[in-house]
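**Q** predicted coordinates and the sequence they were generated for:
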Amino acid sequence: MADWTRQLRPQCFDDVVGQEHLCATEAPLRQLCENGALGHSFFYGPPGSGKTTLARIIASVMDLPWYEFNATSLKIEQLRKIFEQYNNTLQRPLIFIDEVHRLAKNQQEVLLPVMEANTVLVMGASTENPFFSLTAAIRSRSLLFELYPIKREALEELLRNVIECHNLHVDAEARKYLLASSGGDARAMIKLLEFASSVKRDVDVALLQSLCPKALIPGSCEAEEHYDLISALIKSIRGSDADAAIYYLARLIEGAEPPEFIARRLVILASEDIGNANPNALTLAASAMTSVRSIGYPEARIILAQAVIYLCGSPKSNASYAAINSAQKAVRSGEILDIPKGIKQHNEDYRYPHDFGGWVAQEYLSKPLHFVTLKEVGYEKKMKAWFKALHEYADNRQ
C-alpha cells in the first residue's frame, strides 16, 4: 500500500498548512531560510503538525544534503562519519534528529564542536519543548520554533485535497469524523482515511469508527472543544468543584487527550491559583506530571484524578501570579533600580542573616517597591503573619 502521507508531503513553504507563523512569506523563519542565514534550529509541537516536513523544505530551499536520524537509535559513530565526510569541504550537510528530547548528554556534546564551527546545520524535532531536554550549550547555539496543532479550517482543506487526489467518496458525517478524531494531527487523519479506502472506496462513518473506535466518544479532538474542555477543567478546579472537575477530566481522557498535556496544565494551575496557600499542591502536581509521562494510559487516569481532587480541595491564592505580573510590569515600564552595595557579589558590607539569629535589617532595594500581597488563607496566612512580625520588629529597632 502506498504511503499517502509521503505522497502528499508539502514540497515548499507555500504548501504547508496550519503553520503560517513559520511559513508565510513574511515569517522570520522563512526569510532566514531563503536568505541562507538560518542557523541550528529545533522544532517542537504535537504529532502530525509538520516538523519533519518543515526541516525537509529548509534543506531543499538551502540546497543542503539531508541526513535524518531518530534519537532513540542514533549512534555517535554515525555522526562522526558524516562530520569526516564533509570535513574541509565547501558544502555542509543538514543533520535532522527526530525525538531530539531523547538525545543523551554525550550525544549532545558530540554535536557542540560542529555546531560551534558551523560545519553542519543541526536541526531536531520533538513533541516536547526541547528547552527542558537540551543542554544550555546546545540551546545557546540554536533557535527554537513551536508548531501548533493544525486548525480545523486547514485540515478541511487538506482533507478535500486528499479526497480529490484519490477520487474517493466520503460522506459528510465521515468527513466530520475524520476531522474530529485527528486532534489536529494531519498524519493521523490521512492514515485513517488511507486504511479505510483500502476496505472500500465509499468511506462512511461506520467504517471509520470500526477502525478508530476511540473517537466514538465526544471528547477533546475538535479544536474548539479541546480548549473549552481544558478551560472548564481548570475553572472547575479554581472554583473548588471536585465533581465538575472530575467530569471534565473524564471528557478529556475519553477524548484521547494526552495525559502529559493535562498534567502540565495542572502544574501551572497549582502555582497560579493555589501557590503558597498550599505549597504541597505544586509538589503533587509536578509528581503527577512525572508519573503520567512514564506510565501512560490507562493507569495515568488514576494519577490525574488524584491530582485534580487534591487541587480542588486546596485553599486558593493567586498572590504569586499577581506578584510576578506586577514586578514584570514595573521592569518593562523602566523601573530599573541600582542594586544596593551591600548585596552585590563579593561585598564585605553584606550582613549574613544567619549570623544575627536568622534576620537582620539591611537594604535590599534602593527604593521601596511593593508587589507581594499575601492572602488570609492556608499557609499564606502564616507567611503573612511572619512578614508582618519582621516588619514590626524592624520598625521597633529604628
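**A** In hand now; what should we look at? Residues are numbered from 1 along each chain as shown.

**Q** distance of the spatially most central residue of the chain from residue 174?
**A** Centroid-nearest residue in the chain: residue 129, 4.7 Å away (criterion: CA atoms, centre = their mean). To residue 174, residue 129 is 35 Å away according to CB to CB, to the nearest Å. In short, each C-beta sits where N, CA and C put it, glycine included.

**Q** over to residue 367?
**A** 66 Å.

**Q** the two - which one has more neighbours?
**A** Using other CB atoms under 10 Å, the more surrounded residue of residue 367 and residue 174 is residue 174, with 22 against 8.

**Q** pretty sure the more buried one contacts residue 204?
**A** Yes: contact criterion CB atoms under 8 Å: residue 174 and residue 204 qualify, at 5.3 Å.

**Q** and residue 126, its phi and psi?
**A** Phi and psi for residue 126, reported as degrees, to the nearest 10, are phi -160, psi 150.

**Q** any idea what it is bridged to?
**A** Taking DSSP bridges as the rule, residue 126 bridges to residue 44.

**Q** show me where the protein has strands.
**A** 41-44, 66-70, 94-98, 121-126, 143-146, 169-170, 202-203 (DSSP state E).

**Q** tell me the angle of the second one relative to strand 121-126?
**A** Put plainly, it is strand 66-70. 40 degrees (axes from the mean of the first three to the mean of the last three CA atoms, to 10 degrees).

**Q** for strand 66-70, give me every contacting residue.
**A** 52, 56, 59, 78, 82, 93, 94, 95, 96, 97, 98, 99 (CB atoms under 8 Å, 6 or more residues apart in numbering).

**Q** how close does the third one get to residue 68?
**A** Taking CB to CB as the measure, residue 59 falls 9 Å from residue 68.

**Q** and the last one, by the same measure?
**A** Distance check for residue 99 against residue 68: by CB to CB, it reads 12 Å.

**Q** how many neighbours does the nearest residue to residue 232 once chain neighbours are set aside have?
**A** Computed as CB to CB, 6 or more residues apart in numbering, the closest residue to residue 232 that is not its neighbour in sequence is residue 248, at 4.6 Å. Using other CB under 10 Å, residue 248 has 22 neighbouring residues.

**Q** one more: residue 126?
**A** So residue 126, with other CB under 10 Å, has 23 neighbours.

**Q** one step back: how about the strands of the chain, which one is nearest residue 302?
**A** Residue 302 lies closest, by CB to CB, to one member of these: strand 121-126, at 27.2 Å.

**Q** just checking, what packs against that closest one?
**A** strand 41-44, helix 51-61, strand 94-98, helix 105-117 (3 or more CB pairs under 8 Å, 6 or more residues apart in numbering; DSSP states H and E).

**Q** which other residues reach it?
**A** Counting by CB under 8 Å, 6+ apart, residues outside strand 121-126 touching it are 38-44, 51-52, 55, 58, 62, 64, 71, 92-101, 103, 111, 114-115, 130, 133, 142.

**Q** go with 6 Å
**A** Here strand 121-126 makes contact (CB atoms under 6 Å, 6 or more residues apart in numbering) with 40-44, 51-52, 55, 92, 94-98, 100-101, 111, 115.

**Q** separation between residue 315 and residue 276?
**A** Distance from residue 315 to residue 276, by CB to CB: 10 Å.

**Q** my bad, residue 143
**A** Relative to residue 276, and taking CB to CB, residue 143 is found at 36 Å.

**Q** how about residue 246?
**A** From residue 246 to residue 276 the distance is 26 Å (CB to CB).

**Q** who has more neighbours, those two?
**A** residue 276 (23 against 18).

**Q** could you find the closest non-adjacent residue to residue 49?
**A** Using CB to CB, 6+ apart, the closest residue to residue 49 is residue 147 (4.2 Å).

**Q** typo on my end, it should be residue 326
**A** That would be residue 371: by CB to CB, 6+ apart, it lies 4.5 Å from residue 326.

**Q** tell me which residues touch that neighbour, please.
**A** 323, 326, 327.

**Q** can you pull the phi/psi pair for it?
**A** Residue torsions, per degrees, to the nearest 10, at residue 371 are phi -130, psi -30.

**Q** what pLDDT does it get?
**A** Predicted confidence (pLDDT) for residue 371: 91.
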